[in-house]
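Undergrad: Based on what follows, work out the 3D shape:
(2 chains)
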There are 2 protein chains.
Amino acid sequence: MSRESSTNQPKYLRIAAELRAILERGDYAPGDRLPGENTLAADFGVASLTMRQALGLLRGEGLVGSRKGSGWYVEDFRPIRRRGIPRLARDQWGSGRTIWSADDDRSPDVDQVTVTEEAAVPQHIAEVLDLAENETVCVRSRRYVMENRPVMLAASYLPQVLVAGSAITEANPGPGGIYARLADLGHAPTRFREEIRVRMPSGEEVARLSIPADRSVIKLARTAFDSEGRAVEVNEMTMDSAAYVLDYEFDA
Amino acid sequence: MSRESSTNQPKYLRIAAELRAILERGDYAPGDRLPGENTLAADFGVASLTMRQALGLLRGEGLVGSRKGSGWYVEDFRPIRRRGIPRLARDQWGSGRTIWSADDDRSPDVDQVTVTEEAAVPQHIAEVLDLAENETVCVRSRRYVMENRPVMLAASYLPQVLVAGSAITEANPGPGGIYARLADLGHAPTRFREEIRVRMPSGEEVARLSIPADRSVIKLARTAFDSEGRAVEVNEMTMDSAAYVLDYEFDA
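TA: Numbers count the residues shown, from 1 in each chain, chains lettered A, B, ... in the order given. Model prediction:
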């Protein structure tokens, strides 16, 4: 540790950083039990309460978990790599080595889906979709799970006038999903904007994602534009921040 | 509030969500003082301690701040919009309306910079740069500030063998920055990968970014590849998560 980091900083942050480095180095395997709190506290030379604060912080990050009666263990969930931009020719340009390890091969599944027509949508959504007053919207709400663990909530908003009568208003929009249906309707998305920010979860997000209340969520809002520049969909995603590595690859 | 969110959830999360909605609606102007904790607690019908927990959570998100002796106020710092992919022709394709408001026009300034040659770099960096054992690296560390507020730390790693003797090893790399110098050296970046994840700050990051210890940071690792697919730089950024909206725009 550098001198700068050990002065005037809460001790549990320093301990958490040291334990994080040990975990990221791979000294323990995923799923391994950690030594008991008192043993760890003695090893790090701090009080048990400080040790527990540090462990709680790393739980918030998704690096460790705890089970009642059996202490702390190394989280064995491997983050999902979400590729924002589909890549066509990976082998042509790079080693493929990535900075952070994450799961490239699996995608989460939808375990909950509701489709409703709604008149009241959040103001920031209404503005981007350029809705008239009282114009209704088709809202597709989904929850995604991987290995029985909820990892993301997503709500797509589409102007009802655009999608009424199409399979977009059904739970199953058919082959190719809603973008294929938008293409059928003459509004194929040709460009996307993704906006990312981080905040703490709401109570509902804590419940639906089954995450600790002190774990932040990633809010990712994806806007799809058709060839005329019209915003045809906003998909507001809420991700367990410990479950994802976001990945964007693009030419200079 | 839906029924789901009000059952079995910590009360402060519900209160924080309600206050967040009020703030995002714009009922208070940036910089406005909020009513006192006891008044707020009475308004929301909760204990003062619960109110303080909710306010603390929103401080972690950067929505409110507190000043000693004068209570809570609405944070007046406007997040910076960081565009991952330079956009050449904005007017051609969209309304320009974005989901989250953020500052499009300003970029943060560097207020600290050090350049060193180092033999020990983190293993995940060494792997991506495909370093030989004991191969040294040029490390450019910077801190970025906006309105006197630190918003980002960045550390760029470049193989020393590639950059030795060039202005990349100087504090000021000259016009066009290090990418222009890499081009001079025959290694112009032609493709980028950006990887994003979220975690809690280290003590050193808390100190250098002047953020609350419970505010998460965004880790953004940018790898630059030259035309032969060689990784020529990794830039590991650590952002105050309350200070940034990340933005990626791309064709379907």
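Undergrad: Check whether stretch A:44-64 comes near chain B.
TA: Yes. Stretch A:44-64 lies in contact with chain B when judged by CB under 8 Å from any CB of the partner chain; the contacting residues are A:57-58, A:60-61. Bear in mind the C-beta positions are built from the backbone N, C-alpha and C, glycine included.
Undergrad: Can you list the low-confidence ranges for chain A?
TA: Scanning chain A for pLDDT under 70 picks out the ranges A:1-8, A:86-97, A:103, A:105.
Undergrad: Would you map out the domains in it?
TA: According to the domain assignment given by automatic domain parsing, chain A is divided into the following structural domains: A:11-74, A:80-247.
Undergrad: In TSV, list those along with mean neighbour count.
TA: Putting these into TSV (neighbours: other CB atoms under 10 Å in any protein chain shown) gives the following:
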stretch	mean neighbour count
domain A:11-74	16
domain A:80-247	18
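Undergrad: how long is stretch A:62-69 end to end?
TA: Separation of the first and last residues of stretch A:62-69 by CA to CA, to the nearest Å is 19 Å.
Undergrad: Identify the residues contacting that stretch?
TA: The set of residues that contact stretch A:62-69 without belonging to it, under CB atoms under 8 Å, 6 or more residues apart in numbering or on different chains, is A:20, A:23, A:34, A:55, A:58-59, A:72-75, A:77, A:79, A:215, A:240-243.
Undergrad: Sitting in strands, which of these do you find?
TA: Residues from the contacts of stretch A:62-69 lying in strands, with DSSP state E as the criterion: A:72-74, A:240.
Undergrad: if we can go back for a sec, take the domains of chain A and write them to TSV, including distance to B:T223.
TA: Listed next are the domains of chain A as TSV, based on distance: least, CB to CB, whole Å:
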stretch	distance to B:T223
domain A:11-74	18
domain A:80-247	7
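Undergrad: roughly how far apart are A:M51 and chain B?
TA: In this structure, A:M51 and chain B are 15 Å apart, going by CB to the nearest CB, to the nearest Å.
Undergrad: Next up, the contacts around that residue.
TA: By CB under 8 Å, 6+ apart, the neighbours of A:M51 are A:12, A:15, A:37, A:40-41, A:44.
Undergrad: if I've got this straight, it is in a helix?
TA: Yes. Counting by DSSP: H, G, I helix; E, B strand; the rest coil, A:M51 is found in a helix.
Undergrad: Which residue, other than its chain neighbours, is closest to it?
TA: Once flanking residues are discounted, A:M51 sits nearest to A:A41: 3.9 Å by CB to CB, 6 or more residues apart in numbering or on different chains.
Undergrad: Could you do A:Y73 as well?
TA: Leaving out its chain neighbours, the residue that sits closest to A:Y73 by CB to CB, 6+ apart is A:R33, at 5.0 Å.
Undergrad: which ones are touching the one you found?
TA: A:70-73.
Undergrad: Between all of these, which two are separated the most?
TA: Pairwise distances among these were taken by CB to CB; the largest, 8.7 Å, belongs to A:S70 and A:W72.
Undergrad: which SSE is A:R14 in?
TA: helix A:11-25 (DSSP states H and E).
Undergrad: And the contacts of that helix?
TA: Helix A:11-25 is touched from outside by A:1, A:5-6, A:28, A:40, A:44, A:46, A:50-51, A:53-55, A:57-58, A:61, A:63-64, A:74, B:123, B:199-204, B:206, B:213, with contacts defined as CB under 8 Å, 6+ apart.
Undergrad: next structured bit after it?
TA: Once helix A:11-25 ends, the next helix or strand along the chain (criterion: DSSP H and E) is helix A:37-44.
Undergrad: In three-state terms, label the nearest residue to A:G176 once chain neighbours are set aside for me.
TA: Nearest non-adjacent residue to A:G176, counting by CB to CB, 6+ apart: A:A183, 7.8 Å away. For A:A183, the assignment made with three-state DSSP gives helix.
Undergrad: Can you tell me which of the contacts of A:M51 lies closest to B:E170?
TA: The nearest one, if we look at the contacts of A:M51 relative to B:E170 and count by CB to CB, is A:I15, at 37.8 Å.
Undergrad: show me where the stretch 51-200 of chain A has helices.
TA: Counting by DSSP state H, counting those that start in this stretch, one finds helices in the stretch 51-200 of chain A at the ranges A:123-128, A:160-163, A:177-184.
Undergrad: Contacts made by the shortest one with the rest, please.
TA: It refers to helix A:160-163. Outside helix A:160-163, the residues that touch it by CB under 8 Å, 6+ apart are A:117, A:135-138, A:169, A:181-182, A:185, A:187, A:232.
Undergrad: What about chain B: which of these touch it?
TA: Of the residues in the contacts of helix A:160-163, proximity to chain B by CB under 8 Å from any CB holds for none.
Undergrad: which ones among the residues you listed are found in strands?
TA: Secondary structure of the contacts of helix A:160-163 is defined by DSSP E; positions in strands are A:117, A:137-138, A:232.
Undergrad: Could you dump the residues you listed into JSON lines and include distance to A:E127?
TA: Output for the ones in strands among the contacts of helix A:160-163, formatted as JSON lines (distance: CB to CB, whole Å):
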{"residue": "A:E117", "distance to A:E127": "20"}
{"residue": "A:V137", "distance to A:E127": "12"}
{"residue": "A:C138", "distance to A:E127": "17"}
{"residue": "A:V232", "distance to A:E127": "15"}
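Undergrad: Out of the residues you listed, which is nearest to chain B?
TA: For chain B, the closest of these turns out to be A:V232, at 11.1 Å, with distances computed as CB to the nearest CB.
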